[in-house]
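>>> No letters, just coordinates:
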C-alpha cells in the first residue's frame, strides 16, 4: 500500500505481532466481529515506539473477506495518527505485509462498555463519568480536530467505547469514519448508509445524508444503554428485534422512564442528575436532526448532571476545607481541580489533580452547596447559601 509511506513511525513487523500474541493463539482472543479477530498481547522488546516493551496491547487482525478493506484500514491509521485526545483510543502501530492487515492499540484494562452495562458494580457516578468522557471525545472529533474539517465517527455504540483501568472512556473503531467540512452549522455528506442496527440515525438510514447530528443520535442511544443497563437491540425471535430507542420514547412520553432504568440505579440518583441526564439523552434522539443538541451542549449538560449527583449537602453538614491543584492552560495559571471537605465527607476531586496542589480551611457558616462548570480547567464555580440565612429582599 503506497499510501502508507508517510507512516513509517507506526509500521510494525508481522514477526513482532506474532511474538506479541503467541502466534495468534486462541487463548489470546479478546473478541470476534465481522472485521476479524482481536487478540491480547504484549509489546516485544524488539519493537521501538512511544510505549515501553511489555505494554499490554490489543491486536485487531482484519479478515481479508470483511467489509473493512484497505481503504478503511488506511483511514483508521490516518485518523488516529492525527487525532490525539485522552478520550480516543491510542494507536501504537500497524502491520501491512502481503495479505495481513493488522492494527495495534494500547489495551484498555476494562474492555468495552457493552460488557459492563448490566453490571450492578458500575455505580451511577461511574456511568456518568464514562458518558462524559465519551462525550468529550466525540465533541473533539466534531469541533477540535482542525480549523476546516470535522470527523464524523459513523459507528458509535457501546462496544466501541473502551474503558481503561480507571473506567475512563476511549472511543474506538474509526474504520467507517468520514471527514466533512467544518465551516457550516449542519455539515452533511451524501453516502451509502453504514453503521450498526439500533444505533443508526433513522433520517440517515432513509436519505443517505450523513451529518454530525447522526453521531449525536447514536450517542443518545448509548446514553440510554448506560441508563437502562441493556443493549440498543435485543433479538426477540429470528426476524423480530426490540429497539431501545423506541422503548425509551414510549416510556418517556408516558412519564414512566423510571420503569426501564437499570435496577438499583434510581436509588443512587439525585433527582437533578437523573433529570438532566435523561433530558439531554432524549434530545439526542429527536426525529428532527436540526433539533438535536451539539456535542458541546451534551458535554455541558452531562457535566451539570455529574455535579448535581456529587453535590448535595445534608442539613447538618458544613464545609470545613478546600483543596485543589494549579496547572497551566494556554500560558495561564488556573485551577485545574477542586476538592471540598465537610464535617462528614470529602467531595472531589473535580477534574484530575496536577502536581502543584493547595489546601486551606473554610470557616463553618452559611454554605449549603456549590455548582460550576469545568472542562480542561475550572471555568465557573458558585456557592449556595442556606435558605434561612439568605438576605431578605428590600422593598
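Yes, it's here. All values reported here derive from a predicted model rather than from experimental measurement.
>>> So what touches the helix or strand harbouring residue 31?
Element membership of residue 31, judged by DSSP states H and E, is strand 29-33. Contacts of strand 29-33 with the rest of the structure, by Cβ atoms under 8 Å, 6 or more residues apart in numbering, involve 37-40, 58, 111-112. Just so you know, the C-beta spots here come from the backbone N, C-alpha and C atoms, and that holds for glycine as well.
>>> Of those residues, which is the nearest to residue 255?
Lowest distance from residue 255 to the contacts of strand 29-33 (Cβ to Cβ) belongs to residue 112, with 32.6 Å.
>>> before we move on, back to that, so which of the contacts of strand 29-33 would you say is closest to residue 219?
The closest of the contacts of strand 29-33, once distances to residue 219 are taken by Cβ to Cβ, is residue 112, at 15.5 Å.
>>> okay but that closest one is in contact with residue 161, surely?
Yes: with contact defined as Cβ atoms under 8 Å, residue 112 counts as touching residue 161 (6.5 Å).
>>> residues contacting residue 214?
Counted by Cβ under 8 Å, 6+ apart, residue 214 has contacts 152, 154, 200-201, 203-204, 289.
>>> out of the residues you listed, which is most surrounded?
Using other Cβ atoms under 10 Å as the neighbour criterion, residue 201 leads these with 26 neighbours.
>>> Am I right that that residue is in contact with residue 220?
No: judged on Cβ under 8 Å, residue 201 makes no contact with residue 220 at a distance of 9.6 Å.
>>> anything in contact with each of these two?
With Cβ under 8 Å, 6+ apart as the test, residue 201 and residue 220 reach no residue in common.
>>> got a list of what the nearest residue to residue 132 once chain neighbours are set aside touches?
Of all residues not flanking residue 132 in the chain, residue 302 sits nearest, at 4.5 Å (Cβ to Cβ, 6 or more residues apart in numbering). For residue 302, the contact set (Cβ under 8 Å, 6+ apart) comprises 128, 131-132, 135, 276-277, 280.
>>> before we move on, the earlier item: residue 112 and residue 161: who's more crowded?
Shown here are residue 112 and residue 161; by other Cβ under 10 Å, residue 161 has more neighbours (29 against 21).
>>> about what we covered before: from the middle of its chain, how far away would the strand holding residue 31 be?
In terms of Cα atoms, centre = their mean, to the nearest Å, the centre of strand 29-33 is set 21 Å apart from its chain centre.
>>> Can you name the next helix or strand after that strand?
Going down the chain from strand 29-33, the next helix or strand is strand 36-42, by DSSP H and E.
>>> Output the contacting helices and strands for whatever helix or strand comes next after that next one.
Next along the chain after strand 36-42, taking DSSP H and E as the criterion, comes strand 56-62. Applying 3 or more Cβ pairs under 8 Å, 6 or more residues apart in numbering; DSSP states H and E, one finds that strand 56-62 contacts helix 14-20, strand 36-42, strand 100-106.
>>> Those: which one's closest to residue 249?
Comparing those by Cβ to Cβ, strand 36-42 comes nearest, at 33.7 Å.
>>> quick one: strands adjacent to that closest one?
Paired neighbours of strand 36-42 in the sheet (DSSP bridges): strand 29-33 (antiparallel), strand 56-62 (antiparallel).
>>> Can you name the residues in contact with it?
Under Cβ under 8 Å, 6+ apart, the answer for strand 36-42 is 17, 20-22, 24-25, 28-32, 53-63, 66, 68, 107.
>>> Skipping its backbone neighbours, what lies nearest residue 272 in space?
residue 308 (3.7 Å).
>>> Any figure for the gap between the one you found and residue 277?
Note on residue 308: its distance to residue 277, by Cβ to Cβ, to the nearest Å, is 9 Å.
>>> When the two are compared, which one has more neighbours?
residue 277 (26 against 21).
>>> so that one touches residue 228, yeah?
No: Residue 277 lies out of contact with residue 228 (Cβ under 8 Å); the separation is 11.7 Å.
>>> What's the local residue count around residue 226?
For residue 226, the neighbour count with other Cβ under 10 Å is 26.
>>> any chance you could map the strands in the stretch 251-395 of the chain?
Applying DSSP state E, counting those that start in this stretch to the stretch 251-395 of the chain gives strands spanning 319-329, 332-342, 346-350, 356-361, 367-374, 378-385.
>>> no no, the stretch 51-200 of the chain
Assigned by DSSP E, counting those that start in this stretch, the stretch 51-200 of the chain shows strands spanning 56-62, 91-97, 100-106, 149-152, 161-163, 169-171, 178-181, 188-190.
>>> Can I get those in CSV including distance to residue 9?
Converted to CSV, the strands of the stretch 51-200 of the chain look like this (distance: least, Cβ to Cβ, whole Å):
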stretch, distance to residue 9
strand 56-62, 16
strand 91-97, 8
strand 100-106, 13
strand 149-152, 21
strand 161-163, 23
strand 169-171, 21
strand 178-181, 22
strand 188-190, 30
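>>> These: which one's closest to residue 118?
In terms of Cβ to Cβ, the element of the strands of the stretch 51-200 of the chain nearest to residue 118 is strand 161-163, at 14.5 Å.
>>> list the helices and strands the closest one packs on?
Using 3+ Cβ pairs under 8 Å, 6+ apart, strand 161-163 sits against helix 124-143, strand 169-171.
>>> One more pass at 7 Å, please.
If you count contacts as 3 or more Cβ pairs under 7 Å, 6 or more residues apart in numbering; DSSP states H and E, strand 161-163 packs onto strand 169-171.
>>> for the strand it packs on, packing partners?
When contacts are defined as 3+ Cβ pairs under 7 Å, 6+ apart, strand 169-171 sits against helix 124-143, strand 161-163.
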